[in-house]
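Enquirer: All I have is the shape, not the residue letters:
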(Lines give C-alpha, C1' and ligand atoms only; values in the text may rest on other atoms or scores of the structure.)
Protein backbone atom coordinates (compact mmCIF):
# COMPACT_ATOMS: atom_id res chain seq x y z
CA UNK A 1 0.00 0.00 0.00
CA UNK A 2 2.82 2.42 0.88
CA UNK A 3 4.67 1.76 -2.38
CA UNK A 4 1.45 2.25 -4.36
CA UNK A 5 0.87 5.61 -2.67
CA UNK A 6 4.46 6.66 -3.39
CA UNK A 7 4.13 5.69 -7.05
CA UNK A 8 0.85 7.64 -7.36
CA UNK A 9 2.57 10.63 -5.77
CA UNK A 10 5.46 10.47 -8.27
CA UNK A 11 3.06 10.40 -11.22
CA UNK A 12 0.93 13.19 -9.72
CA UNK A 13 4.06 15.29 -9.19
CA UNK A 14 5.11 15.01 -12.83
CA UNK A 15 1.55 15.68 -13.95
CA UNK A 16 1.29 18.89 -11.93
CA UNK A 17 4.76 20.24 -12.79
CA UNK A 18 4.12 19.89 -16.50
CA UNK A 19 0.47 20.93 -16.30
CA UNK A 20 1.57 24.23 -14.76
CA UNK A 21 4.16 24.66 -17.50
CA UNK A 22 1.59 23.72 -20.15
CA UNK A 23 -0.22 26.93 -19.33
CA UNK A 24 2.83 29.11 -18.70
CA UNK A 25 4.94 28.17 -21.72
CA UNK A 26 2.61 29.09 -24.61
CA UNK A 27 0.45 31.74 -22.95
CA UNK A 28 2.59 33.82 -20.57
CA UNK A 29 4.25 35.72 -23.48
CA UNK A 30 0.76 36.43 -24.85
CA UNK A 31 -0.38 37.65 -21.42
CA UNK A 32 2.58 40.04 -21.26
CA UNK A 33 1.78 41.25 -24.77
CA UNK A 34 -1.84 41.83 -23.74
CA UNK A 35 -0.59 43.81 -20.72
CA UNK A 36 1.09 46.24 -23.12
CA UNK A 37 4.73 45.07 -23.07
CA UNK A 38 6.53 45.26 -26.43
CA UNK A 39 8.97 42.60 -27.67
CA UNK A 40 11.98 44.21 -25.95
CA UNK A 41 10.17 44.60 -22.63
CA UNK A 42 8.88 41.02 -22.83
CA UNK A 43 12.39 39.82 -23.55
CA UNK A 44 13.78 41.67 -20.54
CA UNK A 45 11.03 40.44 -18.21
CA UNK A 46 11.32 36.82 -19.32
CA UNK A 47 15.12 36.89 -19.14
CA UNK A 48 15.45 38.28 -15.60
CA UNK A 49 13.93 35.18 -14.03
CA UNK A 50 16.43 32.71 -15.54
CA UNK A 51 19.29 34.78 -14.12
CA UNK A 52 17.80 34.26 -10.67
CA UNK A 53 17.42 30.56 -11.39
CA UNK A 54 21.05 30.23 -12.53
CA UNK A 55 22.30 31.91 -9.37
CA UNK A 56 20.18 29.75 -7.06
CA UNK A 57 20.49 26.34 -8.76
CA UNK A 58 23.75 25.42 -6.96
CA UNK A 59 22.01 26.26 -3.67
CA UNK A 60 19.08 23.95 -4.43
CA UNK A 61 21.42 21.19 -5.61
CA UNK A 62 23.52 21.43 -2.46
CA UNK A 63 20.39 21.39 -0.29
CA UNK A 64 19.19 18.27 -2.10
CA UNK A 65 22.50 16.44 -1.69
CA UNK A 66 22.64 17.26 2.03
CA UNK A 67 18.94 16.90 2.85
CA UNK A 68 17.56 14.20 5.09
CA UNK A 69 14.73 14.03 2.56
CA UNK A 70 15.01 15.46 -0.97
CA UNK A 71 11.21 15.45 -1.23
CA UNK A 72 11.07 18.19 1.42
CA UNK A 73 12.79 20.58 -0.97
CA UNK A 74 10.14 19.80 -3.57
CA UNK A 75 7.39 20.69 -1.08
CA UNK A 76 9.01 24.07 -0.47
CA UNK A 77 9.15 24.72 -4.22
CA UNK A 78 5.50 23.75 -4.73
CA UNK A 79 4.40 26.07 -1.92
CA UNK A 80 6.27 28.86 -3.69
CA UNK A 81 4.25 28.25 -6.86
CA UNK A 82 1.08 29.06 -4.92
CA UNK A 83 2.54 32.48 -4.10
CA UNK A 84 3.52 32.98 -7.75
CA UNK A 85 -0.02 32.31 -8.92
CA UNK A 86 -1.44 34.71 -6.33
CA UNK A 87 0.77 37.48 -7.71
CA UNK A 88 -0.36 36.76 -11.27
CA UNK A 89 -3.99 36.84 -10.15
CA UNK A 90 -3.43 40.22 -8.50
CA UNK A 91 -1.83 41.60 -11.66
CA UNK A 92 -4.96 40.67 -13.64
CA UNK A 93 -7.52 41.68 -10.98
CA UNK A 94 -9.70 44.71 -11.71
CA UNK A 95 -10.45 45.02 -7.98
CA UNK A 96 -6.78 45.30 -7.08
CA UNK A 97 -6.26 47.68 -10.01
CA UNK A 98 -9.04 49.94 -8.73
CA UNK A 99 -7.54 49.95 -5.23
CA UNK A 100 -4.23 51.11 -6.71
CA UNK A 101 -5.69 53.49 -9.27
CA UNK A 102 -3.09 56.16 -8.56
CA UNK A 103 -0.38 53.99 -10.12
CA UNK A 104 0.37 54.05 -13.84
CA UNK A 105 -0.50 50.95 -15.84
CA UNK A 106 3.15 49.99 -16.33
CA UNK A 107 4.02 50.50 -12.65
CA UNK A 108 1.00 48.45 -11.58
CA UNK A 109 1.92 45.62 -13.94
CA UNK A 110 5.52 45.53 -12.74
CA UNK A 111 4.44 45.61 -9.08
CA UNK A 112 3.06 42.09 -9.42
CA UNK A 113 4.47 40.64 -12.64
CA UNK A 114 8.16 41.21 -11.93
CA UNK A 115 8.09 39.51 -8.48
CA UNK A 116 5.93 36.72 -9.92
CA UNK A 117 8.45 36.03 -12.68
CA UNK A 118 11.40 36.12 -10.30
CA UNK A 119 9.72 33.73 -7.85
CA UNK A 120 8.50 31.51 -10.67
CA UNK A 121 12.03 30.85 -11.89
CA UNK A 122 13.37 30.62 -8.33
CA UNK A 123 10.97 27.82 -7.39
CA UNK A 124 10.08 26.20 -10.72
CA UNK A 125 13.47 25.84 -12.42
CA UNK A 126 14.98 23.45 -9.81
CA UNK A 127 11.72 21.51 -9.47
CA UNK A 128 12.14 19.25 -12.51
CA UNK A 129 15.80 18.32 -11.77
CA UNK A 130 14.95 17.55 -8.14
CA UNK A 131 11.92 15.47 -9.14
CA UNK A 132 14.12 13.58 -11.62
CA UNK A 133 16.70 12.89 -8.91
CA UNK A 134 14.05 11.58 -6.52
CA UNK A 135 12.43 9.43 -9.22
CA UNK A 136 15.64 7.94 -10.61
CA UNK A 137 16.92 7.03 -7.15
CA UNK A 138 13.54 5.55 -6.20
CA UNK A 139 13.55 3.40 -9.35
CA UNK A 140 17.15 2.33 -8.76
CA UNK A 141 16.49 1.35 -5.12
CA UNK A 142 12.99 -0.15 -5.28
CA UNK A 143 12.76 -1.50 -8.87
CA UNK A 144 9.05 -0.61 -9.35
CA UNK A 145 7.06 -1.63 -12.42
CA UNK A 146 7.50 1.69 -14.24
CA UNK A 147 10.53 3.33 -15.87
CA UNK A 148 11.63 6.95 -15.70
CA UNK A 149 10.31 7.42 -19.23
CA UNK A 150 6.80 6.40 -18.21
CA UNK A 151 6.88 8.90 -15.35
CA UNK A 152 7.87 11.62 -17.82
CA UNK A 153 5.04 10.55 -20.12
CA UNK A 154 2.62 11.58 -17.37
CA UNK A 155 4.08 15.07 -17.48
CA UNK A 156 3.94 15.21 -21.27
CA UNK A 157 0.27 14.20 -21.26
CA UNK A 158 -0.42 16.91 -18.70
CA UNK A 159 1.41 19.52 -20.82
CA UNK A 160 -0.57 18.52 -23.92
CA UNK A 161 -3.94 18.59 -22.12
CA UNK A 162 -3.38 21.91 -20.39
CA UNK A 163 -1.98 23.61 -23.50
CA UNK A 164 -5.13 22.64 -25.41
CA UNK A 165 -7.54 23.39 -22.56
CA UNK A 166 -5.77 26.67 -21.87
CA UNK A 167 -6.16 27.77 -25.47
CA UNK A 168 -9.88 27.00 -25.45
CA UNK A 169 -10.37 28.66 -22.08
CA UNK A 170 -8.56 31.85 -23.08
CA UNK A 171 -10.38 32.08 -26.42
CA UNK A 172 -13.81 31.79 -24.79
CA UNK A 173 -13.24 33.71 -21.55
CA UNK A 174 -13.84 37.42 -21.09
CA UNK A 175 -10.67 37.47 -18.95
CA UNK A 176 -8.51 36.78 -22.00
CA UNK A 177 -5.09 35.29 -21.28
CA UNK A 178 -5.57 35.98 -17.54
CA UNK A 179 -8.12 33.14 -17.52
CA UNK A 180 -5.26 30.66 -17.08
CA UNK A 181 -4.36 31.84 -13.58
CA UNK A 182 -7.31 30.39 -11.59
CA UNK A 183 -6.58 27.04 -13.24
CA UNK A 184 -2.89 27.39 -12.35
CA UNK A 185 -3.83 27.98 -8.72
CA UNK A 186 -5.74 24.70 -8.61
CA UNK A 187 -2.76 22.90 -10.14
CA UNK A 188 -0.34 24.49 -7.64
CA UNK A 189 -2.49 23.33 -4.72
CA UNK A 190 -2.69 19.79 -6.09
CA UNK A 191 1.07 19.83 -6.71
CA UNK A 192 1.78 20.76 -3.10
CA UNK A 193 -0.51 18.01 -1.79
CA UNK A 194 1.02 15.32 -4.04
CA UNK A 195 4.55 16.20 -2.95
CA UNK A 196 3.69 15.53 0.69
CA UNK A 197 3.06 11.91 -0.36
CA UNK A 198 6.38 11.42 -2.15
CA UNK A 199 8.81 8.72 -0.91
CA UNK A 200 11.58 9.75 1.44
CA UNK A 201 14.85 10.03 -0.48
CA UNK A 202 17.82 11.06 1.72
CA UNK A 203 20.77 12.97 0.30
CA UNK A 204 24.04 11.09 -0.27
CA UNK A 205 26.43 13.84 0.68
CA UNK A 206 27.96 13.84 4.14
CA UNK A 207 28.11 17.19 5.94
CA UNK A 208 31.90 16.99 6.16
CA UNK A 209 32.10 16.69 2.37
CA UNK A 210 33.00 20.19 1.16
CA UNK A 211 33.42 19.29 -2.53
CA UNK A 212 32.13 22.28 -4.54
CA UNK A 213 29.80 21.87 -7.50
CA UNK A 214 32.48 23.50 -9.67
CA UNK A 215 34.47 20.26 -9.37
CA UNK A 216 32.14 18.85 -12.02
CA UNK A 217 33.29 21.49 -14.50
CA UNK A 218 36.82 20.05 -14.47
CA UNK A 219 35.48 16.99 -16.24
CA UNK A 220 35.82 17.61 -20.03
CA UNK A 221 32.95 15.22 -20.81
CA UNK A 222 30.66 17.02 -18.37
CA UNK A 223 31.71 20.46 -19.62
CA UNK A 224 31.05 19.66 -23.30
CA UNK A 225 27.71 18.05 -22.48
CA UNK A 226 26.85 21.17 -20.46
CA UNK A 227 27.58 23.37 -23.51
CA UNK A 228 25.36 21.13 -25.66
CA UNK A 229 22.61 21.31 -23.04
CA UNK A 230 22.94 25.08 -22.87
CA UNK A 231 22.67 25.37 -26.65
CA UNK A 232 19.61 23.13 -26.83
CA UNK A 233 17.97 24.95 -23.92
CA UNK A 234 18.66 28.33 -25.54
CA UNK A 235 16.61 27.31 -28.57
CA UNK A 236 13.85 26.22 -26.20
CA UNK A 237 14.11 29.57 -24.40
CA UNK A 238 13.64 31.42 -27.68
CA UNK A 239 10.74 29.17 -28.61
CA UNK A 240 8.99 29.69 -25.27
CA UNK A 241 9.42 33.46 -25.23
CA UNK A 242 8.87 34.38 -28.85
CA UNK A 243 7.36 31.61 -30.97
CA UNK A 244 3.77 31.94 -29.79
CA UNK A 245 3.79 35.68 -30.58
CA UNK A 246 5.33 34.83 -33.99
CA UNK A 247 2.48 32.42 -34.68
CA UNK A 248 -0.15 34.94 -33.60
CA UNK A 249 1.50 37.96 -35.22
CA UNK A 250 3.33 36.96 -38.40
CA UNK A 251 1.32 33.83 -39.22
CA UNK A 252 -2.07 35.17 -37.98
CA UNK A 253 -2.82 32.17 -35.74
CA UNK A 254 -5.32 32.61 -32.88
CA UNK A 255 -4.91 31.46 -29.28
CA UNK A 256 -6.68 28.18 -30.05
CA UNK A 257 -4.13 27.35 -32.76
CA UNK A 258 -1.27 28.34 -30.42
CA UNK A 259 -2.65 25.99 -27.76
CA UNK A 260 -3.21 23.18 -30.25
CA UNK A 261 0.32 23.56 -31.64
CA UNK A 262 1.83 23.12 -28.17
CA UNK A 263 -0.58 20.32 -27.32
CA UNK A 264 -0.10 18.30 -30.50
CA UNK A 265 3.68 18.74 -30.33
CA UNK A 266 3.63 17.07 -26.94
CA UNK A 267 1.84 13.99 -28.29
CA UNK A 268 4.92 12.64 -30.04
CA UNK A 269 6.83 12.93 -26.77
CA UNK A 270 4.40 10.45 -25.22
CA UNK A 271 5.30 7.71 -27.68
CA UNK A 272 8.99 8.53 -27.58
CA UNK A 273 9.20 8.44 -23.78
CA UNK A 274 7.92 4.85 -23.81
CA UNK A 275 10.85 3.77 -25.97
CA UNK A 276 13.59 6.32 -25.18
CA UNK A 277 15.26 3.97 -22.69
CA UNK A 278 15.47 1.37 -25.48
CA UNK A 279 16.83 3.98 -27.89
CA UNK A 280 19.50 5.00 -25.38
CA UNK A 281 20.55 1.39 -24.82
CA UNK A 282 20.68 0.90 -28.60
CA UNK A 283 22.46 4.14 -29.58
CA UNK A 284 24.17 5.19 -26.34
CA UNK A 285 23.80 8.37 -24.31
CA UNK A 286 26.28 10.46 -26.30
CA UNK A 287 24.97 9.41 -29.71
CA UNK A 288 21.43 10.35 -28.71
CA UNK A 289 22.57 13.77 -27.50
CA UNK A 290 24.42 14.42 -30.77
CA UNK A 291 21.45 13.26 -32.85
CA UNK A 292 19.12 15.45 -30.78
CA UNK A 293 21.21 18.59 -31.34
CA UNK A 294 21.36 17.84 -35.06
CA UNK A 295 17.57 17.57 -35.24
CA UNK A 296 17.22 20.88 -33.38
CA UNK A 297 19.45 22.53 -35.99
CA UNK A 298 17.34 21.02 -38.78
CA UNK A 299 14.13 22.18 -37.09
CA UNK A 300 15.16 25.84 -37.07
CA UNK A 301 16.60 25.60 -40.59
CA UNK A 302 13.19 24.49 -41.90
CA UNK A 303 11.47 27.25 -39.90
CA UNK A 304 13.79 29.74 -41.64
CA UNK A 305 12.78 28.46 -45.08
CA UNK A 306 8.98 28.40 -44.74
CA UNK A 307 6.17 30.69 -43.59
CA UNK A 308 3.43 28.18 -44.36
CA UNK A 309 1.67 27.55 -41.06
CA UNK A 310 0.82 23.96 -42.01
CA UNK A 311 4.51 23.22 -42.65
CA UNK A 312 5.52 24.99 -39.44
CA UNK A 313 3.04 22.99 -37.34
CA UNK A 314 4.03 19.71 -39.02
CA UNK A 315 7.74 20.29 -38.39
CA UNK A 316 6.97 21.38 -34.84
CA UNK A 317 5.03 18.18 -34.25
CA UNK A 318 7.92 15.93 -35.28
CA UNK A 319 10.79 17.92 -33.75
CA UNK A 320 9.40 19.51 -30.58
CA UNK A 321 10.30 16.53 -28.33
CA UNK A 322 13.96 16.96 -29.33
CA UNK A 323 14.01 20.67 -28.46
CA UNK A 324 14.55 19.75 -24.80
CA UNK A 325 12.51 16.81 -23.50
CA UNK A 326 14.52 13.95 -25.02
CA UNK A 327 17.83 15.71 -24.41
CA UNK A 328 16.79 16.26 -20.80
CA UNK A 329 15.98 12.54 -20.50
CA UNK A 330 19.48 11.67 -21.76
CA UNK A 331 21.02 14.13 -19.30
CA UNK A 332 19.18 12.49 -16.42
CA UNK A 333 20.44 9.03 -17.42
CA UNK A 334 23.96 10.45 -17.85
CA UNK A 335 23.95 11.77 -14.28
CA UNK A 336 22.65 8.48 -12.89
CA UNK A 337 25.23 6.45 -14.85
CA UNK A 338 28.36 8.61 -15.00
CA UNK A 339 28.29 10.87 -11.90
CA UNK A 340 29.02 9.85 -8.29
CA UNK A 341 25.94 9.49 -6.08
CA UNK A 342 27.07 12.22 -3.68
CA UNK A 343 27.02 14.68 -6.60
CA UNK A 344 23.72 13.61 -8.20
CA UNK A 345 21.50 16.51 -7.10
CA UNK A 346 24.15 19.10 -7.95
CA UNK A 347 24.85 17.54 -11.34
CA UNK A 348 21.13 17.47 -12.11
CA UNK A 349 20.84 21.07 -10.93
CA UNK A 350 23.62 22.14 -13.29
CA UNK A 351 22.64 20.13 -16.38
CA UNK A 352 18.85 20.12 -16.13
CA UNK A 353 18.58 23.29 -14.04
CA UNK A 354 21.27 25.88 -14.71
CA UNK A 355 21.55 24.94 -18.39
CA UNK A 356 17.79 25.26 -18.86
CA UNK A 357 17.59 28.51 -16.89
CA UNK A 358 20.62 30.12 -18.51
CA UNK A 359 19.40 28.83 -21.86
CA UNK A 360 16.07 30.54 -21.28
CA UNK A 361 17.91 33.75 -20.51
CA UNK A 362 20.06 33.55 -23.64
CA UNK A 363 17.18 32.44 -25.84
CA UNK A 364 14.80 35.05 -24.47
CA UNK A 365 17.03 38.12 -24.32
CA UNK A 366 19.23 37.13 -27.25
CA UNK A 367 16.11 36.35 -29.25
CA UNK A 368 14.71 39.79 -28.49
CA UNK A 369 17.97 41.32 -29.68
CA UNK A 370 17.97 39.31 -32.91
CA UNK A 371 14.32 40.14 -33.59
CA UNK A 372 15.07 43.83 -33.01
CA UNK A 373 18.10 43.55 -35.33
CA UNK A 374 16.37 41.78 -38.20
CA UNK A 375 12.84 43.10 -37.57
CA UNK A 376 9.67 41.27 -36.56
CA UNK A 377 8.78 40.76 -40.23
CA UNK A 378 12.09 38.96 -40.96
CA UNK A 379 12.21 36.38 -38.20
CA UNK A 380 13.29 33.71 -40.68
CA UNK A 381 16.76 35.28 -40.44
CA UNK A 382 16.63 34.76 -36.67
CA UNK A 383 15.69 31.11 -37.15
CA UNK A 384 18.58 30.61 -39.60
CA UNK A 385 21.01 32.13 -37.08
CA UNK A 386 19.80 29.69 -34.40
CA UNK A 387 20.28 26.75 -36.77
CA UNK A 388 23.85 27.79 -37.62
CA UNK A 389 24.77 28.18 -33.94
CA UNK A 390 23.47 24.66 -33.22
CA UNK A 391 25.56 23.24 -36.07
CA UNK A 392 28.70 24.99 -34.78
CA UNK A 393 28.25 23.50 -31.30
CA UNK A 394 27.50 20.09 -32.81
CA UNK A 395 30.75 20.20 -34.79
CA UNK A 396 32.69 21.24 -31.68
CA UNK A 397 31.16 18.37 -29.67
CA UNK A 398 32.15 15.84 -32.34
CA UNK A 399 35.74 17.09 -32.25
CA UNK A 400 35.97 17.10 -28.44
CA UNK A 401 34.32 13.70 -27.96
CA UNK A 402 36.52 12.13 -30.64
CA UNK A 403 39.66 13.43 -28.93
CA UNK A 404 38.39 12.00 -25.63
CA UNK A 405 38.03 8.55 -27.16
CA UNK A 406 34.43 8.47 -28.39
CA UNK A 407 33.56 6.50 -31.51
CA UNK A 408 30.04 6.27 -33.06
CA UNK A 409 29.83 2.52 -32.59
CA UNK A 410 31.47 2.25 -29.19
CA UNK A 411 30.73 4.21 -26.01
CA UNK A 412 33.48 4.84 -23.43
CA UNK A 413 33.21 2.55 -20.40
CA UNK A 414 31.94 5.41 -18.26
CA UNK A 415 28.83 5.74 -20.46
CA UNK A 416 28.18 2.06 -21.04
CA UNK A 417 24.69 0.99 -19.97
CA UNK A 418 23.44 -2.28 -18.57
CA UNK A 419 20.08 -3.74 -17.55
CA UNK A 420 20.47 -2.47 -13.99
CA UNK A 421 20.51 1.20 -14.96
CA UNK A 422 17.37 3.01 -13.88
CA UNK A 423 15.67 4.49 -16.95
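Expert: Arrived safely. Since the structure is predicted, the reported quantities are computational estimates derived from the model, not experimental observations.
Enquirer: Spell out the residue ranges of the strands in the stretch 201-350 of the chain.
Expert: All residues of the stretch 201-350 of the chain lie outside strands when identified by DSSP state E, counting those that start in this stretch.
Enquirer: Can you show me the helices along it?
Expert: 220-238, 244-249, 255-283, 285-305, 309-323, 325-338, 344-348 (DSSP state H, counting those that start in this stretch).
Enquirer: Name the stretch among the ones you listed that sits most buried.
Expert: Most buried of the helices of the stretch 201-350 of the chain, by mean neighbour count (mean count of other C-beta atoms under 10 Å): helix 344-348, with a mean of 29. Glycine gets a C-beta too; all of them are placed from N, C-alpha and C.
Enquirer: Any figure for the gap between residue 56 and residue 375?
Expert: Using C-beta to C-beta, to the nearest Å, one obtains 35 Å as the distance from residue 56 to residue 375.
Enquirer: Which among the helices of the stretch 201-350 of the chain is found nearest to residue 201?
Expert: Across those, residue 201 has its closest neighbour in helix 344-348 (9.8 Å, C-beta to C-beta).
Enquirer: re earlier: can you say which of the helices of the stretch 201-350 of the chain is nearest to residue 103?
Expert: Nearest of the helices of the stretch 201-350 of the chain (C-beta to C-beta): helix 244-249, 26.1 Å.
Enquirer: helices and strands around the closest one, which ones?
Expert: With contacts taken as 3 or more C-beta pairs under 8 Å, 6 or more residues apart in numbering; DSSP states H and E, helix 244-249 sits against helix 2-34, helix 255-283.
Enquirer: chain center to that helix, what's the gap?
Expert: Helix 244-249 sits 20 Å away from the centroid of its parent chain (C-alpha atoms, centre = their mean, to the nearest Å).
Enquirer: If we ignore the residues flanking it in sequence, what's nearest the residue most central in space within the chain?
Expert: Centre of the chain computed as the mean C-alpha position; nearest residue by C-alpha atoms, centre = their mean is residue 356, 6.2 Å away. Sequence neighbours aside, residue 233 is the residue nearest to residue 356 in space, at 4.6 Å (criterion: C-beta to C-beta, 6 or more residues apart in numbering).
Enquirer: Check the contact between the one you found and residue 354; I expect there is one.
Expert: No: with contact defined as C-beta atoms under 8 Å, residue 233 does not reach residue 354; the gap is 9.4 Å.
Enquirer: where are the low-confidence patches of the protein?
Expert: For the chain, residues meeting the criterion pLDDT under 70 lie at 1, 105, 203-213, 262, 265-266, 411-414, 416-423.
Enquirer: Output the helices and strands packed on helix 244-249 in TSV, with distance to residue 328 appended to each entry.
Expert: Compiled in TSV, these are given as follows (distance: least, C-beta to C-beta, whole Å):
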stretch	distance to residue 328
helix 2-34	12
helix 255-283	10
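Enquirer: Where do the strands of the stretch 51-200 of the chain begin and end?
Expert: Going by DSSP E, counting those that start in this stretch, the stretch 51-200 of the chain shows no strands.
Enquirer: For the nearest residue to residue 251 once chain neighbours are set aside, which residues are in contact?
Expert: Once flanking residues are discounted, residue 251 sits nearest to residue 309: 4.8 Å by C-beta to C-beta, 6+ apart. By C-beta atoms under 8 Å, 6 or more residues apart in numbering, residue 309 lies in contact with 247, 251, 252, 253, 257.
Enquirer: Contact partners for the closest residue to the last one other than its chain neighbours?
Expert: Put plainly, it is residue 257. Distance criterion C-beta to C-beta, 6+ apart; nearest residue to residue 257, sequence neighbours excluded, is residue 247 at 6.8 Å. Each residue near residue 247 by C-beta under 8 Å, 6+ apart is listed here: 253, 257, 258, 261, 309, 312.
Enquirer: One more pass at 7 Å, please.
Expert: By C-beta atoms under 7 Å, 6 or more residues apart in numbering, the residues touching residue 247 are 253, 257, 258, 261.
Enquirer: who are the neighbours in contact with the residue nearest to residue 20 when sequence neighbours are not counted?
Expert: Leaving aside its chain neighbours, residue 20 sits nearest to residue 187 (5.1 Å; criterion: C-beta to C-beta, 6+ apart). When contacts are counted by C-beta under 7 Å, 6+ apart, residue 187 touches 16, 19, 20.
Enquirer: Please convert the helices of the stretch 201-350 of the chain to a markdown table, extending it with distance to residue 201.
Expert: Shown next, in a markdown table, are the helices of the stretch 201-350 of the chain (distance: least, C-beta to C-beta, whole Å):
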| stretch | distance to residue 201 |
| --- | --- |
| helix 220-238 | 23 |
| helix 244-249 | 36 |
| helix 255-283 | 21 |
| helix 285-305 | 23 |
| helix 309-323 | 27 |
| helix 325-338 | 13 |
| helix 344-348 | 10 |
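Enquirer: Name the nearest of the contacts of residue 309 relative to residue 408.
Expert: Closest approach to residue 408 among the contacts of residue 309 (C-beta to C-beta): residue 247, at 37.0 Å.
Enquirer: okay, now the residue nearest to residue 178 when sequence neighbours are not counted: neighbour count?
Expert: Nearest non-adjacent residue to residue 178, counting by C-beta to C-beta, 6+ apart: residue 92, 3.5 Å away. For residue 92, the neighbour count with other C-beta atoms under 10 Å is 22.
Enquirer: Tell me who's in contact with residue 92.
Expert: So residue 92 contacts 175, 178, 181 (C-beta under 7 Å, 6+ apart).
Enquirer: again with residue 261
Expert: Residues counted as contacts of residue 261 (C-beta under 7 Å, 6+ apart) are 247, 313, 316.
Enquirer: what's the answer for residue 127, then?
Expert: Contacts of residue 127 by C-beta under 7 Å, 6+ apart are 17, 74, 77.
Enquirer: Against residue 405, how distant is the last one?
Expert: Summarising the geometry, the distance separating residue 77 from residue 405, computed by C-beta to C-beta, is 39 Å.
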